[in-house]
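Trainee: my questions are about this predicted structure, shown below with the sequence.
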Amino acid sequence: MLTIDFAGEAVEVNGSGPFIIGRDGDLAIADNPYLHRRLLEFRRDQQIWWLTNIGTQITATVDDPVSGLHAWLGPGARMPIVTGTTSIRFTAGPTAYELLVTLDGAPGEFEPTDSGDDDNGTETLGRLRLTDDQRLMLVVLGESALRHGMGGMADIPSAAAGAQRVGWTQKKFEKKIDNVCDRLASAGVRGLKGDLGNQAVSRRVRLVEYAVSTRLITTDDLALLDDHDAVDES
């Protein structure tokens, strides 16, 4: 049996047919025009549960912090549900969502993987290496999410507020965002191209979602803000 928990409400899926999540899905998430009418599909095939992204623009993050599973599910892609508890996150416009999926009798588990830190302290994720300023920028944007979980995604600061937080110009802060987003977008991460207004808001939300869910930044990095504050007070 597969159970999907969204916003504290649990739905049991028996596998007799596809189960759709979206604005017009079996699990309907209304009141967000940026969300696809049909985004995610759960289907049982030969005793295996499959998750398929049937949308056209939105990429979902699939995460199991216990086993170390981190995966991206782009439009048209599918993957088996193989862990007992799986967190699925996605962003539509300025709003981030999280589903908690529980599978009784999961067929297997993944082994935890190495975080991939370099000897010089610069974390590597694929080909992405963060400079000190880029990491500080991400921590400023993701501070609330790191401290409060995905519930803190609603408190991502603007570029102007983020720049003020660390004493930079807004132009410098936005440049750091542009650099990281461009490199991630080149690596295939969606939702990181935006200019003004809601697009810029959505881009910051997506960037924080990616950075936190893939552990590009962690709660350990909050020490960077503490160190910066200590320097300012001295």
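Mentor: Structure received.
Trainee: and the residue nearest the centre of the chain?
Mentor: E209 (3.0 Å; CA atoms, centre = their mean).
Trainee: quick one: it from T91, how far?
Mentor: In this view, E209 and T91 are 6 Å apart by CB to CB, to the nearest Å. All C-beta atoms are positioned from the backbone trio N, CA, C, and that covers glycine.
Trainee: quick revisit: packing partners for the helix or strand the residue nearest to the centre of the chain falls within?
Mentor: Assigning secondary structure by DSSP states H and E places E209 in helix 198-213. The contact analysis (3 or more CB pairs under 8 Å, 6 or more residues apart in numbering; DSSP states H and E) places helix 198-213 against strand 60-64, strand 85-92, strand 95-103, helix 132-148, helix 170-186.
Trainee: returning to that earlier point: contacts only, for the residue nearest to the centre of the chain.
Mentor: T61, R89, T91, A96, A145, M153 (CB atoms under 8 Å, 6 or more residues apart in numbering).
Trainee: got TSV for the helices and strands packed on helix 198-213, with mean pLDDT, mean neighbour count and distance to A223 too?
Mentor: Output for the helices and strands packed on helix 198-213, formatted as TSV (pLDDT from 0 to 100; neighbours: other CB atoms under 10 Å; distance: least, CB to CB, whole Å):
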stretch	mean pLDDT	mean neighbour count	distance to A223
strand 60-64	83	22	23
strand 85-92	92	22	25
strand 95-103	92	19	25
helix 132-148	92	20	9
helix 170-186	92	17	19
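Trainee: of all the ones you listed, which one comes closest to I48?
Mentor: strand 95-103 (10.3 Å; CB to CB).
Trainee: other residues contacting the closest one?
Mentor: With CB under 8 Å, 6+ apart as the criterion, strand 95-103 contacts 1-6, 21, 29, 32, 34-35, 42, 49, 81, 83-91, 150, 153, 205, 209.
Trainee: before we move on, what about stretch 30-45?
Mentor: Taking CB under 8 Å, 6+ apart as the rule, stretch 30-45 contacts 2, 4, 13, 15, 17-25, 29, 49-58, 60, 81, 88, 90, 92-95, 101, 202.
Trainee: which of those residues are buried?
Mentor: 2, 4, 13, 18-23, 25, 29, 49, 51-55, 58, 60, 81, 88, 90, 92-95, 101, 202 (16 or more other CB atoms under 10 Å).
Trainee: let's see which of the contacts of stretch 30-45 end up in helices.
Mentor: In this view, these that belong to helices under DSSP state H are S202.
Trainee: lowest-scoring secondary structure element of the protein by mean pLDDT?
Mentor: Lowest mean confidence among the helices and strands of the chain (mean pLDDT, DSSP states H and E): strand 124-125, at a mean of 40.
Trainee: give the bridge partners for the closest residue to L27 other than its chain neighbours, please.
Mentor: Closest residue in space to L27, ignoring its immediate chain neighbours: I21 at 4.7 Å, by CB to CB, 6 or more residues apart in numbering. I21 has these beta-bridge partners by DSSP bridges: L27, L40.
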